[in-house]
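Peer 1: compute the structure for the input listed below.
(one chain, ligands or ions: 1)
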Amino acid sequence: MDGNGRWATRRYLPRVAGHKRGVDALRACVRQCGERGIKVLTVFAFSSENWSRPPEEVSGLMELLAAALGREVPQLNAEGVQIHFVGDRAPFSEKVRAGLVQAEAATAANQRLVFNICFNYGGRWDIAQAAARLAAQGVAITEQGLQGAMALGHVPDPDLVIRTGGEQRLSNFLLWQAAYSELYFSDKLWPEFDAAALDAALADYAARERRFGKTSEQVGSPAAKRA
Ligand code: FPP
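Peer 2: You can find the predicted model right below:
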């Protein structure tokens, strides 16, 4: 969800105002995904590297998280959204940690949309923690074992990864899980990423041929049949 800071700066607003608009865009995006039958949405809300931002921005993001927990969870619950927080919770206060557990427990039975919020998350952190878990259990470190031990082990790998804000890199997001994901880069800043922008990304995805290392003929693509 890149581009909140630029959205705010262009309007002579503090960066945190951009993150607030980012929460609005996120609320709408969750609803749009549910309406479109998407079963899993995973968002990058705070990276392991974001701690090095100015202190007022870090504390603003923490306050947004705490406020969103109180305000948004009942509505998401009513809409059938199952919430997961993915990332290292160790640096958070006891109160915030309890809030995360409570939100997950309250929505655990919901089936409409699994909503993963990556907060204090990094792809490298996830791979390392999964390996450490397996090692602590004394089991072999295999691809299958790592897949299950990942913090996102409860969902399949993503079909589509969208990055907004014009940058074309993963920035430590889903390094393991995005091995065969389709990547889509939008120039829109996150607060402007609306339903039309989501639909454009989905249309682009629908036109892709996913081969997973096979040939076009093997996956039976229409283009290969015509050739
Ligand atoms: C990147 O944009 C965005 C973030 C670091 C934060 C994303 C967070 C939200 C949308 C709020 C979600 C919050 C909760 C509580 C779930 P940037 O600030 O790097 O933008 P820039 O590249 O324009 O500076």
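Peer 1: for the residue nearest the centre of the chain, name its beta-bridge partners.
Peer 2: The residue lying closest to the centre of the chain (CA atoms, centre = their mean) is V43, at 1.9 Å. Taking DSSP bridges as the rule, V43 bridges to I117.
Peer 1: which residues does it contact?
Peer 2: For V43, the contact set (CB atoms under 8 Å, 6 or more residues apart in numbering) comprises M1, L26, C29, F115, N116, I117, C118. (Glycine included, C-beta is placed from N, CA and C.)
Peer 1: gap between the first one and H154?
Peer 2: It stands for M1. 21 Å (CB to CB, to the nearest Å).
Peer 1: next secondary structure after the top helix by length along the chain?
Peer 2: Ranked by residue count, the top helix of the chain under DSSP state H comes out as helix 55-78. The C-terminal neighbour of helix 55-78 among helices and strands, as given by DSSP states H and E, is strand 81-86.
Peer 1: CA-only coordinates of that following strand, as PDB, when you get a sec.
Peer 2: C-alpha atoms of strand 81-86 as PDB (Å, rounded to 0.1, in the frame of the first residue of the first chain):
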ATOM      1  CA  VAL A  81     -14.000 -11.200   7.500                       C
ATOM      2  CA  GLN A  82     -11.500 -13.400   9.300                       C
ATOM      3  CA  ILE A  83      -8.700 -11.300  10.500                       C
ATOM      4  CA  HIS A  84      -5.100 -12.300  11.000                       C
ATOM      5  CA  PHE A  85      -2.200 -10.200  12.100                       C
ATOM      6  CA  VAL A  86       1.100 -11.400  10.600                       C
END
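Peer 1: just the strands in the protein please.
Peer 2: Secondary structure of the chain, counting by DSSP state E: strands at 40-47, 81-86, 113-121, 160-163, 182-185.
Peer 1: nearest to F212, of those strands?
Peer 2: Smallest distance to F212 across the strands of the chain (CB to CB): 11.3 Å, for strand 182-185.
Peer 1: flag every buried residue along the closest one.
Peer 2: Burial within strand 182-185, assessed by neighbour count using 16 or more other CB atoms under 10 Å, is assigned to E182, Y184.
Peer 1: so what are the sheet partners of that strand and their directions?
Peer 2: Take DSSP bridges as the rule and strand 182-185 pairs in its sheet with strand 160-163 (parallel).
Peer 1: how much space between the residue nearest to the centre of the chain and C29?
Peer 2: When distance is defined by CB to CB, V43 is 8 Å away from C29.
Peer 1: over to G70?
Peer 2: Taken as CB to CB, the span from G70 to C29 is 20 Å.
Peer 1: comparing the two, which shows the higher neighbour count?
Peer 2: C29 (22 against 10; other CB atoms under 10 Å).
Peer 1: can you give me the helices for the chain?
Peer 2: Secondary structure of the chain (DSSP H): helices located at 4-9, 15-35, 55-78, 94-107, 123-137, 143-149, 195-206, 216-219, 222-226.
Peer 1: cheers, nothing more for now.
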